Every structure is written in structure tokens, then in C-alpha cells.
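Trainee: Model the following, please.
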Amino acid sequence: MKKNAGFSLLEAMVAVAIIAILAAMAIPSYMTKIVREQIEKAMPLVAETAQPAVTMAWRTNQIFPADNVAAGLPVPEKIVNNFIQSVAIENGAIHMTFGNRAHSAIKGKILSLRPAVVEDSPVVPITWVCGFAMPPGQMVVKGSNRTTVEPQYLPAICLNPKKS
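Mentor: As a prediction, the model looks like this:
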């Protein structure tokens, strides 16, 4: 009797089917990773432009700017990058609207960064609270959270940790 040492067509097809199933399971998590990376890459625009202006207003007057003009910034539609189509200040809170080359899952969605301060101690630096995160103890968060980005796409720093 002669024995074949190779694979049959049926065995090869089963292997291909298993690989296809594994790939189909991996694609959604990969897409989530891509969206999360786009959000993280968009954050430096806010850190370089809007946050210093809001921080300066708090340090000098202990009030937060009502809008972009009060913060000395251009109109929201003029503060853009690859993934952000506008950055608006509203009572100290910074609202980034995603657009341009952003993934369709976040296009038109908003992520808010809100300042948290110790009201009776203005020398304590501002802490920025992202999205649904909670402010540190003893600090009061200012401005409204208008975040509409789905929590699954947000970086961990933008989420409220679950209490155990």
C-alpha cells in the first residue's frame, strides 16, 4: 500500500475556513484600535492650542473663557488637523468635533475636555478631565461634557473607572 504524505483538498479547505473565521473575529477589534489611535493623535492639537489659552485665563482672572474669542483663539472651524474639524471653547470646556480624515465611526462626534480646579486654591494647576472620566478628589470639574463618541472608542483616560 502506498500512503500520501500531503493534505487533501478537504483538509486545506477546513484550514482556510478556520483562518477566515479567526480573521472575521479580529477585524472589529482592529477597527476599534484604529479609531482609538485617531482620537489619541488628535489630542495634541488641543494641548498645544486651546488648553494653554484656557489655563492662562484661569491663572490671571480665576474665570474660564466663555468661547474661543474670549480665550483669544480663532473661531472653532479654524482650529483643525487631520482628524478634527473644529475645536470650540464653552465656559472653559474644550469640545473637539471629529471630521476631515477621521474614521466614519467618529466623524461628526464630539469629545469634551473639561478643566478641574480647586476653587479655593487657584495656585493648584488645572487638571484636564477627558470625556466621561471623573475629576480627582478635592477638585471641581467646570463646563459641560458634550462627549458623543462611543465609550468603546475612547482611550482609557477618558472613561470613568468602574468601582470594585
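Trainee: ok, then the element right after the longest helix seen in the chain?
Mentor: Secondary structure of the chain per DSSP state H: the longest helix is helix 9-48. Later in the chain than helix 9-48, the nearest helix or strand by DSSP states H and E is helix 50-61.
Trainee: Tell me which residues are up against stretch 140-152.
Mentor: Stretch 140-152 is contacted by residues 32, 39, 64, 90-93, 95, 98, 105-106, 109-112, 114-119, 129, 131-132, 135, 154, 158-159 when judged by CB atoms under 8 Å, 6 or more residues apart in numbering. Glycine gets a C-beta too; all of them are placed from N, C-alpha and C.
Trainee: Which residues in it does the neighbour count mark as buried?
Mentor: Using 16 or more other CB atoms under 10 Å as the test for burial, stretch 140-152 gives V141, K142, G143, N145, R146, T147, V149.
Trainee: what residue ranges in the chain are flagged as low confidence?
Mentor: 1-6, 162-164 (pLDDT under 70).
Trainee: Tell me who's in contact with the most centrally placed residue in it.
Mentor: Geometric centre of the chain, nearest residue: I39, 4.2 Å, by CA atoms, centre = their mean. Counting by CB under 8 Å, 6+ apart, I39 makes contact with F83, F98, I106, L111, V149, Y153, L154, P155.
Trainee: nearest to W58, of those residues?
Mentor: L111 (20.8 Å; CB to CB).
Trainee: distance of the closest one from Q85?
Mentor: According to CB to CB, to the nearest Å, L111 and Q85 sit 12 Å apart.
Trainee: quick one, which of the two is more surrounded?
Mentor: L111 (26 against 18; other CB atoms under 10 Å).
Trainee: tell me the secondary structure for that one?
Mentor: Classification of L111 by DSSP: H, G, I helix; E, B strand; the rest coil places it in strand.
Trainee: from memory it sits against V129, does it?
Mentor: No - here L111 does not reach V129: they are 11.6 Å apart, not a contact under CB atoms under 8 Å.
Trainee: Would you mind writing the PyMOL command to select the buried ones in the contacts of stretch 140-152?
Mentor: The PyMOL selection below is limited to those of those classed as buried (16+ other CB under 10 Å):
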select buried, resi 39+64+90+91+92+93+95+98+105+106+109+110+111+112+114+115+116+117+129+131+135+154+158
